[in-house]
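S.K.: pasting the sequence and the predicted model now:
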Amino acid sequence: MLTSNPERTIANKLYLGLGFQQKNTSVYRVNLNQKVFRIEKTIFLFCKYLYTFIFNLTC
């Protein structure tokens, strides 16, 4: 959970861009399970690409 002064408009836009959800106040919450899944998927796809690239170099 994160709190921010409503007058900090740039900071508040940044938090929204990072995936925090604004509530009726200036309290923000991020769903870490969703973020972790995206990171794991990105790492998996990168490793798969890297493996394919290296395998094609050695053949």
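M.R.: Yep, that arrived.
S.K.: low pLDDT regions in this protein?
M.R.: Low-confidence segments of the chain (pLDDT under 70): 26-27, 32, 34-36, 59.
S.K.: would you state the helices of it in chain order?
M.R.: Taking DSSP state H as the criterion, the chain carries its helices at 9-17, 32-58.
S.K.: count the neighbours of the residue lying closest to residue 12 once chain neighbours are set aside for me.
M.R.: Distance criterion C-beta to C-beta, 6 or more residues apart in numbering; nearest residue to residue 12, sequence neighbours excluded, is residue 4 at 5.6 Å. Glycine gets a C-beta too; all of them are placed from N, C-alpha and C. Residues contacting residue 4 under the criterion other C-beta atoms under 10 Å number 17.
S.K.: ok, residue 4 to residue 31 distance?
M.R.: Using C-beta to C-beta, to the nearest Å, we find residue 4 at a distance of 18 Å from residue 31.
S.K.: swap in residue 3?
M.R.: 17 Å.
S.K.: now swap in residue 22 and tell me
M.R.: 14 Å.
S.K.: please apply the same query to residue 8.
M.R.: From residue 8 to residue 31 the distance is 23 Å (C-beta to C-beta).
S.K.: now swap in residue 20 and tell me
M.R.: 9 Å.
S.K.: which of these two has more neighbours?
M.R.: Shown here are residue 20 and residue 31; by other C-beta under 10 Å, residue 20 has more neighbours (18 against 11).
S.K.: show me the contacts for the more buried one.
M.R.: 2, 28, 29, 30 (C-beta atoms under 8 Å, 6 or more residues apart in numbering).
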